[in-house]
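J.: sharing a sequence plus its predicted fold:
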Amino acid sequence: LSLVVTSRACRVLSVIIGPMRVLIADDDRLSALMLEASLKASGYEVTVVSDGSEAWKILEPDDRPQIAILDWMMPIMDGLEVCRKVRRASGPYVYILLLTGNTDPDSVVTGMDAGADDYIRKPFHPAELKARLRSGKRIVDLEEKLRRQATHDALTRILNRGAIMERIAIEMERSYRENENLCIAMVDLDHFKDVNDTFGHSAGDTVLCETASRMSSVLRPYDSIGRYGGEEFIVVFPRCDVSAAAAIAERIRRSISIAPVGAGNERISVTASIGIAEARNSKDADAVIREADRALFRAKQAGRNRIEFSVQERLSGSA
């Protein structure tokens, strides 16, 4: 019997909040119950499955557990194959612990070569297991910190340009493959240069942070927002047609303009112009962004603080 713990660098995105989540995949019910009880007593949030296929279903999405304990010999898919799949897949970092009853050193090498980070012999000692999981948590936390530094804008804490462009490419590939709607919005703060010139760059930074926070608060859980550059942002709306994108964009526009931004003793009124384009069976992210940017330019020309759409989906803007 074996259980595995693996590490993996990821693309995206999500802050680790609340208790560390651990997946236990073990077809030995007694062993799984012992592990579950021990980890829950230590404050871990535990999910238990009995075969490798179920383990992979949980480890494949972006909201996967941060730590996985995998039995080597399981029905349908063994622990090593799950480990290899996690290593090949993109997504958040996963630390994989291999728990094995095999005393052959070559088996440990095999497990580590498959992508396991650590191992522990069976029957396991609870204190030793918890110590190794604490080590795994330190690695997960460090990888998350490094990931966020690499993928998030240092000022606004939303995705940076590289990360949002990667998100667009991923969503366009998915929407093309699954024949689903996808819209992209360019958001630009109106007269932002005047904010910097009048109130100073520190106040301008406060405005950028607050507007990014307001926009994020009105998005759907699976939408993505990133800073494209300066005072310009990109929002990605998966599984979203133009009418639905228009409704979300209006929420964005209102969230920005609904109240002045407090910056020290100043109260700064802020508005934004928004251009929306739809990706129609296309994998050309640059073309869709250009369409959204042209729509944004028309919104600026039409008086700002409004929404415009690409020529293909020209609808009246919101003043």
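T.: Happy to help now that I have it.
J.: can you show me the strands along this protein?
T.: Along the chain, the stretches classed as strands by DSSP state E are 5-6, 21-25, 45-49, 67-70, 95-100, 116-121, 182-189, 224-229, 232-238, 261-263, 266-268, 272-278, 307-309.
J.: got the ones you listed as a markdown table, with distance to residue 140 and mean pLDDT columns?
T.: Placement of C-beta: from N, CA and C, glycine included. Shown next, in a markdown table, are the strands of the chain (distance: least, CB to CB, whole Å; pLDDT from 0 to 100):
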| stretch | distance to residue 140 | mean pLDDT |
| --- | --- | --- |
| strand 5-6 | 10 | 32 |
| strand 21-25 | 10 | 93 |
| strand 45-49 | 13 | 94 |
| strand 67-70 | 7 | 93 |
| strand 95-100 | 5 | 85 |
| strand 116-121 | 10 | 84 |
| strand 182-189 | 31 | 97 |
| strand 224-229 | 23 | 97 |
| strand 232-238 | 27 | 97 |
| strand 261-263 | 35 | 96 |
| strand 266-268 | 39 | 96 |
| strand 272-278 | 36 | 97 |
| strand 307-309 | 40 | 96 |
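J.: and among those, the most buried is which?
T.: Per residue and on average, the most neighbours among these fall to strand 67-70, with a mean of 31 (mean count of other CB atoms under 10 Å).
J.: helices or strands up against it?
T.: strand 5-6, strand 21-25, helix 52-59, helix 79-88, strand 95-100, helix 126-151 (3 or more CB pairs under 8 Å, 6 or more residues apart in numbering; DSSP states H and E).
J.: among the strands of the chain, which is nearest residue 199?
T.: Among the strands of the chain, the nearest to residue 199 by CB to CB is strand 266-268 (5.4 Å).
J.: give the pairing partners of the closest one; include direction for each.
T.: Sheet pairing of strand 266-268 (DSSP bridges) gives strand 261-263 (antiparallel).
J.: tabulate the helices and strands packed on strand 67-70 (TSV), appending distance to residue 257.
T.: Putting those into TSV (distance: least, CB to CB, whole Å) gives the following:
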stretch	distance to residue 257
strand 5-6	46
strand 21-25	38
helix 52-59	42
helix 79-88	44
strand 95-100	44
helix 126-151	29
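J.: surely residue 222 and residue 236 touch.
T.: No: here residue 222 lies out of contact with residue 236, judged by CB atoms under 8 Å, at a distance of 9.3 Å.
J.: low-confidence stretches in the stretch 201-319 of the chain?
T.: 311-319 (pLDDT under 70).
J.: rerun at 90
T.: 279-284, 310-319 (pLDDT under 90).
J.: ranges for the helices of it?
T.: With helices called from DSSP state H, counting those that start in this stretch, the stretch 201-319 of the chain shows them at 201-217, 242-257, 285-301.
J.: buried stuff in the first one?
T.: By neighbour count with 16 or more other CB atoms under 10 Å, helix 201-217 contains the buried residues 203-204, 206-212, 214-216.
J.: and what of the shortest one?
T.: Buried residues in helix 242-257, defined by neighbour count with 16+ other CB under 10 Å: 242, 245-246, 248-250, 252-253, 255-257.
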